[in-house]
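# Need coordinates for the following:
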Amino acid sequence: MCNENDDHLVNAQKTKFLTGIGCFFAVIIIGLIVVIIPAWLFFTQPKETQLTVSHSPNNINTIEVVRIEDFPDPTIRIKYDNKSVVKTKLPDKISVKWKDDYEADIVFTKQGREPDIVKVTFE
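Sure, this is the predicted structure:
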């Protein structure tokens, strides 16, 4: 009779111990997830490198050209007037030619190819 009671107590203590260990590891795993996921999201954001900034003749408008390190190939983003245009081919040279304060041509030159011209109009 005493043996059954002892087995029951041992099993109860073993169950409490295993439940405590399980809860401890669950808290550790949830804590790691809470730390690792935001860190991973932060470090996997595409990095932007500013290539050129051009201001209109009277400094009314601005065009910014940035390189974005996307996977697998980097892209070029032209930012202007709260808008953006994405180009997939990386140029050797970038130039901005303003027609006036509200219109500009962005010329992407790649050696051995015709220049790619993007027309930008501000509203």
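# and Ser54, how many residues sit next to it?
Residues near Ser54, counting by other C-beta atoms under 10 Å, number 18. The way it works is simple: take the backbone N, C-alpha and C, and place the C-beta from them, glycine included.
# Report the beta-bridge partners for it.
Ile63 (DSSP bridges).
# Equivalent analysis for Lys83, please.
Bridge pairing for Lys83 (DSSP bridges) gives the partners Tyr80.
# give me the number of residues near it?
Lys83 has 11 nearby residues by other C-beta under 10 Å.
# how close does the most centrally placed residue in the chain sit to Lys87?
In the chain, the C-alpha nearest the mean C-alpha coordinate belongs to Gln45, at 2.0 Å (C-alpha atoms, centre = their mean). From Gln45 across to Lys87, the span is 20 Å (C-beta to C-beta, to the nearest Å).
# Identify the residues contacting the closest residue to Ser84 other than its chain neighbours.
Take Ser84 and drop its neighbours on the chain: the residue closest to it by C-beta to C-beta, 6 or more residues apart in numbering is Arg77, 5.2 Å away. For Arg77, the contacting residues are Glu48, Val65, Val66, Ile68, Ser84, Val85, Val86, Lys87, by C-beta atoms under 8 Å, 6 or more residues apart in numbering.
# Give me the secondary structure label for the residue nearest to the centre of the chain.
Put simply, Gln45 is coil when judged by DSSP: H, G, I helix; E, B strand; the rest coil.
# Give me the pLDDT for it.
On pLDDT, Gln45 comes in at 74.
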